[in-house]
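J.: coords please:
(chains A, B, C and D)
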Amino acid sequence: MWKSPRPKKTYDVIVVGGGGHGLGTAYYLAKEHGIKNIAVIEKGWLGGGNTGRNTTIIRSNYLWNESANLYDHSIKLWENLSQELNYNMMFSQRGVMNLAHNEHDIKEMKRRVSANRLNGLDTQWLETKEIKKLVPIMNTDNLRYPVLGAAFQPRGGVARHDAIAWGFAMRADEMGVDIIQNCEAQSIKTRSGKVEGVKTSKGFIRAKKVAVVASGHTSVLAKTAGVRLPLQSRPLQALVSEPIKPIINTVVMSNAVHAYVSQSDKGELVIGAGTDGYNSFTQRGGYDVIEETVRAIVELYPIFGKMKMLRQWGGIVDICPDASPIISKCEIKGLYFNCGWGTGGFKATPGSANVFAHTVANDEPHKINAPFNLERFSDGRLIDEHGAAAVAH
Amino acid sequence: MSALDNKKSSYIKKNKKVSFTFDGKKYYGYKGDTIASALLRNNVRLIARSFKYHRPRGIYTCGIEEPNAIVQILNEHNEPNARATVKQIYEGMKVDSQNRWPSLNLDIGSINNLLSPMFSAGFYYKTFMGPKGFWKKIYEPIIRRTAGLGKPPKEFRSKSIHQNHNVDIVIVGAGLSGLIAARKLIDTEYDVLLLEQDSFLGGVLKNSNKVEQINNQEVNKWIKETERLIKISTNIKILKNSLVTSYNFTNHLIALEDKFAGKAIDTSKSELTLHKIRTTHTILANGHIERFISFRNNDLPGVMLASSFEKYIHRYGVIPETNPVIFTNNSTTVTLLKSLVDLGHKPVAYVDARDKNKIGKKLLTYLKKNNIPFYFNAEIEGCDGNKKVETISIRKNKNKIIKVKSSMLCVSGGINPDIHLFTQSKGLVKWDDKLITFKPDVPFQNTITIGSVSGNYNYEKTHDEINNKLSFLKPKNIEMKIKINDTNNFNIKELWETRHEKKSNWSKSFIDLHNDVTTKDLKQAVVEGFDRIEHLKRFTTNSMGTDQGKISSINSLGIVSKILKKEISEVGTTTYRPPYAPLSFSAIAGRNTYEFYDPQRKTPIHNWHINNKAIFEDVGQWKRPWYFKEHDSETMHQAVQRESKQTRQTAGILDGSTLGKIEIKGKDALEFMNLMYTNPFTKMKPMTSRYALMLGEDGMIKDDGIVCKFNDKHFIATTTSGGAPKVLADMEEYLQTEWPHLQVYVNSITEQFTTFNISGPKSRDIMSKVFTEVDFSNENFPFMTFKVFNYKGTEARIMRASFTGELGYEIYITPNHGLELWKRIFHHGNVFDLVPYGTETMHLLRAEKGYVVIGQETDGTVTPIDLNFNWMIGKKKKDFIGKRSLTRSDTAREDRKQLVGIVPLDKSEFIEEGQHVVERERLPNPIKTPVEYLGHVSSSYHSPNLNHCIAMAMIKGGNKLMGKKLFISSSYGTKNIAVEVVSPVFIDPENKRLTS
Amino acid sequence: MILINCPYCGERDQSEFSNGGEAHVARPENSDSLNDKDWGQYVFYRDNPKGIFYERWVHSHGCRKWFNAVRNTATDEILKIYKVDEKTPKIDSFTNTLKTPSGEPKVGSGNFTVKK
Amino acid sequence: MTKLLSSRDIDISQRNFQQIIIRGDGKDRFNQIINKEISIIPPSKNLEVTKDDRFMFAKNSFDQWSLIYLVERDYKEILKFISNINSNDEILASDYSYGQVYFEISGKNRNEFLNKLTHFDLRLKKFPVFSMAQTLIAKIDCSIYHLKDRYIVTCNRSFEDYFKERLKDTANI
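T.: You can find the predicted model right below:
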């Protein structure tokens, strides 16, 4: 799969974080920017963080142009990734639906559908009877907040979470990238405004550039370099049911009746919950959040009341004030951050890695990620995606 | 060979016969039987087909850990994936096997078994890829259809309930150690909850004959006595049929109680109770789980865990086979052997992997005495048979294979403390070389483990252990003498799998029965470079089935550690994730779903609205009239046009009770209000009111409302209906945390005032009739003033204000007078053609006047300047919330999106809300490259008073685009609608109607 | 689920409370004199440590009062609760209270710490 | 009082009632002002409930009290009391009469019954007689007052129907 080398003394680039985004960054740095002397350091096991813990929903139907560009760049990469990496991503474009439950939702979503269309995305508005056709088991009228319509993106879908981490890792490894697991980044060393390297559990490793992609732990690491990031780390939970024969063939998300669900190829219902309202690094959230989610599932799909939760787990997501990520340089030369993905980073994995690699290689952002800078929290040019992030923060 | 009843067992009611069907065929069992024990009684061995290869599977265990015997309950809404080893039968129950087609005996899917090289570890990742598009169209649909276990449930409406508990001590498990602990806590100061997953107490005492006597009593008598003592105690409550599934932070536990265990479900009652327990201490006495050993075809129906076999004999009174083969690597199988011999049967062979000197003289003598064929230092190579075990191959002296015949093979690979709950609580475990397993080490919460879950396998010493561990609770001293039938020296040899002799595609040695993972898959994955147990788990799906690998996960660590040449403790375990066993969604939801999903809030006028054909809209939790149907065939459009027109012609009234209302009072109230709102309140005259804006610190508009000033120390503010709780919370937050020096109190009075908005040219006439004592003339009661006066013994407040642009009043009255006053207004209003209107008309009328709605024109990215609300900003104020943000470079930009009015050039056209403003007349379909747009249409209505569409939009540099021709996209075509940018005030720009 | 000891109401389930993020962040009084960057720091930036965290809670479904807590975000353990007007407890009083594990424990593959 | 339900050792009745929410510092002057008006001293201990024939007076937190009229009074009297108190700048009295509903829950099974709807710890040692609490019951913000053999639960009037349906459902299922 990949080698487990000892860290060298010095690298051109150290990528901190062996999740999909980090491994992808290394892959694109090697493939598109000719940088080969790269290490990816991971404190646990590859893909063991949010990559392996999320509900794998992929879509690009975000409201603002900046986001739509970024996430659609990612979908386009997803569409060819199995072939490119010669590893099956199981990217299943079965469509993603966002349900509207009140007049406000309808207005908000119709606006999003229209904006998406102008941005060249395939989002469309569905009336309730069209939803019912796609998901016959959905309870659309006999519930507290009836289903009044949906924004639907057919190109959206789900993919296999481990596959993207492993796929990137294998191909990066083949190009000479050192993938080092069980190697915890403890602090980032800088001197006179320039990055020097990373102190790790396997010793100090020197580097010209350090790219931090450590999701929930990013702000902790940034602090060691004296950089403050506008991030809060929150628990985010998910769960799966026992497997049953196919019953739901698209991804359905709802904000007002808060739950999102898809059915995996194995037959499990994969269900995403909301974030907890407090900072935590425990990878565990409150049971009340699970209850909130499951009762929404039972409300929307009464027959699922007869099913059972098989496993639940939590991850640590780093949330930005405007629910958009940061893919940016910072005041320390040679130090880059790709973080703040909140509840929806998985879908962006290849796109984020691709533009981040560009940013690291050229010390300049790609035009797609230029708006996702840190300055926006000073000048006020936020990319407020609270509506489209579809998770009630 | 066939099953026999154990006449000595008395736990099953053999006088109560129960009939049920399995795959359509009728069988009989006894009351208390599980599906599994009843089927074993009927010699039914083939129960299911496996997940991937569709191999025939039988009953492997006797409990929650079952990986194979998973069935569908047809008469319970087709409930999928029920465990046959747990679910009790009742008269008329209908059970089907799963994952087979066309029948269990002849399953087409079993061809997968022969194609198995394709389905080896990680096959998903490596195959089924190209050519492009094949995955989506061909491979994935096939995989999806063959995967999955049960069929989906059928129509169902859940009725489970929740029960909360607050206690001092929870004891999980009422086996030997749990019962001892409970007995010691009888009549202490602690509130204790004793939870037992079975429908009876006793655990191991009833499942085996490992303990012979307690205090010279038959164990059954001791259990009965203990149960009686607990029941008459004042402080201990027992919950049976209650399985603890989750151990959350701060000693919060979830347990699921089956209210209909062994009974047909009464659908009018709650079938499950989910117990939510908050405790101070948790005593885990939840025992252990036996593990298996991997050998060739270790999945054939007829292979069963040894202690499960024992449990069927003692607990269920069925001897599944009188002459099985026993295969063990440890000392716990002695009691099974003795049980069989005591009943007059004997195994075909007793195969022990241990050396002779480890086995112990006592057992050797016993075997000899009873003339039992006996093999030490031996192992089972595999077994064969047609959909069941027929021949068993014993490997003796390393290479010699002996074949024996039996239909059952009892296996014990050792026992694991059931650490699932302990690790959920985040306790640390450690590896025990002697027990060859993980056991609890350091608890993270207030957790105490006792009995076999703590790694204490010696029943004689259980009481000493409990005395020791519970001493800090100062429990009662009781006399305990435990006499065992077992050996008190647990002894085990490490053995995870045996060598595979035969090579055929059908021969497999499984490590995960549920997910059809073989030991070969596991090894292959390691060879491919997956050397981390979490990767192996994900790559092979090992231990990810519904049983979470309860009987096999340690075995896989054993196998992997051997390949990696590491200690098992170095390999580590995968994370045990809650719940302990699959947990019903219906139970988790409880009653907080369907009609109770979210509270409905109703105004005091609600029933009047219903009687007057109101159609309601959900606004937060509130039910608000959206529009009123004059007659049943009236459409929404017709109703809204009628309501809007009539309001401007005569008068209309809206139930505005949902508006948030906050009373603000204190010495520093004025200063506080000046800080909270953008508006200046200092120069505002008493008894006047003002439209006011609230921002976030980011400078974006958060809420709006009307502020009434009684004097500098007393204000009442209204908020939007949805924003009320947040505004109050923000005010409290600033007062308590930021400005504690301000002497101000705020109270919510939303529910205290039923509120009506009456507007239209006739509203003054109507008001004068209703409140005869008030002078409503313009001079005495000008725009944006308010009055408080007596109304029928209570206080009414009337404010001259309007959200429609017409002459209007807001009436605030205590709720007990609300409906009466509303009716009274109609009584007087009817002659003036007063019309009730709903929120849609409200929105239309305000749009005609150019008033904004928070959440419609604003979306969290709009500043007051963007809405041309500069006049509402107290620029001379030193500070207010959000002030500084308004001068940041981006918020100060001149080309920000600004509010404008939009009208179609062709007055017959209609603009859709949410569509975008562009400079092009046509758009391609589909759009390939992004099209620049200026902004979006935030509101759009057909104005009945102007008789054409009016719209509001937020567009880039809107203020400078007045009079410009632009286009609006549409949802139905590529041709856009030509429009003109105009002022958003469409009616009465001079405010004549408002102020006259 | 965290159990929180409201200084006014006693121990309640966390679902009755709302979290207010980092404590002791004073609202700048002279915001006019701050540059965009410094103002942005106040509006958008809050500490996010793994470990000892001084934070605010409000008993939103109870007495609606705000109070402060010292919590270990690596374990969720609440080490101290104090009222808004009470003195801020010093950080060194908590250094010995840190317990493992944080998050999902690690060893070998990144899982349990297994002691032998 | 209207009887709402009576089953399995649970009795619930309801009524409309008059109530005033008073905010202030609880110091001497505050107590004097109130005592002068209605001759009852506000309870000084947090969460304490005092009661006489006319009133139930509870301290909700350090600066808030709820005054519940046990016997319905002429509304004018209440308005006058509020206006008199409010003439003091440092006190805020808000009328809550008829804006909330009042349920009386008694019967042997009252704890188990309520604990189907709330996680609140009702054990006597945690929730003594003559104390009050504000908590969530059936997903609604409620106040609960412990009066020896029964509880008084109050919530906002807009939730009345929902709350009643939940109570009935819990009793029936």
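
J.: Which strand residues bridge the closest residue to residue B:452 other than its chain neighbours?
T.: Of all residues not flanking residue B:452 in the chain, residue B:288 sits nearest, at 4.1 Å (CB to CB, 6 or more residues apart in numbering or on different chains). Every residue, glycine included, has its C-beta placed from N, CA and C. Beta-bridge pairing for residue B:288 (DSSP bridges): residue B:417.

J.: measure the closest residue to chain D within chain C to chain A for me?
T.: Residue of chain C nearest chain D, by CB to the nearest CB: residue C:63 (3.9 Å). Residue C:63 sits at a distance of 18 Å from chain A (criterion: CB to the nearest CB, to the nearest Å).

J.: ok, the residue nearest to residue B:452 - how many residues close by?
T.: Residues near residue B:288, counting by other CB atoms under 10 Å in any protein chain shown, number 25.

J.: hmm, back to that, report the contact partners of the closest residue to the residue of chain C closest to chain D other than its chain neighbours.
T.: What sits nearest to residue C:63 in space, not counting adjacent residues and going by CB to CB, 6+ apart, is residue D:61, at 3.9 Å. Residues in contact with residue D:61, defined by CB atoms under 8 Å, 6 or more residues apart in numbering or on different chains, are C:8, C:9, C:63, C:64, C:65, D:46.

J.: Phi, psi for residue D:61 please.
T.: phi -170, psi -170 (degrees, to the nearest 10).

J.: Model confidence for it, exactly?
T.: In this model, residue D:61 is scored at 95, pLDDT.

J.: Chain D contacts on chain C?
T.: C:8-13, C:15-16, C:61-65 (CB under 8 Å from any CB of the partner chain).

J.: what number of residues lie near whatever residue of the stretch 151-300 of chain A ends up closest to chain D?
T.: At 9.4 Å from chain D, residue A:288 is the closest residue in the stretch 151-300 of chain A, using CB to the nearest CB. Using other CB under 10 Å, residue A:288 is surrounded by 18 other residues.

J.: cool, and the one 5 residues further on?
T.: Neighbour count of residue A:293, defined by other CB under 10 Å: 27.

J.: need the contact list for the residue nearest to it when sequence neighbours are not counted.
T.: In space, and not counting its chain neighbours, residue A:293 is closest to residue A:273: 3.9 Å by CB to CB, 6+ apart. Going by CB under 8 Å, 6+ apart, residue A:273 touches A:236, A:237, A:238, A:239, A:258, A:259, A:285, A:289, A:290, A:292, A:293.

J.: three-state assignment of residue A:273?
T.: With DSSP: H, G, I helix; E, B strand; the rest coil as the basis, residue A:273 sits in strand.

J.: For residue B:178, identify the helix or strand it belongs to.
T.: Using DSSP states H and E, residue B:178 sits within helix B:176-185.

J.: neighbouring contacts of that helix?
T.: Residues from elsewhere that reach helix B:176-185 (CB under 8 Å, 6+ apart): B:169, B:171-172, B:174, B:192, B:194, B:196, B:201-205, B:211, B:223, B:226, B:229-230, B:235-236, B:283, B:285-286, B:450-452, B:459, B:462-463, B:465-467, B:470, B:473, B:475-478, B:480, B:482.

J.: follow-up on the earlier one: from the residues of chain C next to chain D, which single one is nearest chain A?
T.: Distance ranking of the residues of chain C next to chain D against chain A, using CB to the nearest CB, places residue C:15 first at 4.5 Å.

J.: residues near the closest one, how many?
T.: Neighbours of residue C:15 under the rule other CB under 10 Å: 20.

J.: Then residue D:1?
T.: Neighbours of residue D:1 (other CB under 10 Å): 8.

J.: swap in residue B:982?
T.: As a measure of burial, residue B:982 has 17 neighbours, counting by other CB under 10 Å.

J.: go on, residue B:231?
T.: Quick note: residue B:231 (other CB under 10 Å) scores 10 neighbours.

J.: quick one: it and chain A, what's the gap?
T.: Per CB to the nearest CB, residue B:231 is found 30 Å from chain A.

J.: thinking that residue is in contact with residue B:240, fair?
T.: No. Between residue B:231 and residue B:240 there is no contact under CB atoms under 8 Å: 11.7 Å.

J.: didn't residue B:951 look like it was pressed against residue B:935?
T.: No. The criterion here is CB under 8 Å, and residue B:951 misses it with residue B:935 at 11.5 Å.

J.: Neighbour count for those two, which is higher?
T.: Using other CB under 10 Å as the criterion, residue B:951 and residue B:935 rank with residue B:951 on top: 28 against 20.

J.: Just confirm that one is within a strand.
T.: Yes. Counting by three-state DSSP, residue B:951 is located in a strand.

J.: give me the beta-bridge partners of it?
T.: So, taking DSSP bridges as the rule, residue B:951 has residue B:902, residue B:940 as bridge partners.

J.: Give me the most central residue, the chain.
T.: Because you didn't say which chain, this covers chain A. residue A:345 (1.2 Å; CA atoms, centre = their mean).

J.: You answered for a different chain; I wanted chain B.
T.: Nearest to the mean C-alpha position of chain B, by CA atoms, centre = their mean, lies residue B:588 at 6.0 Å.
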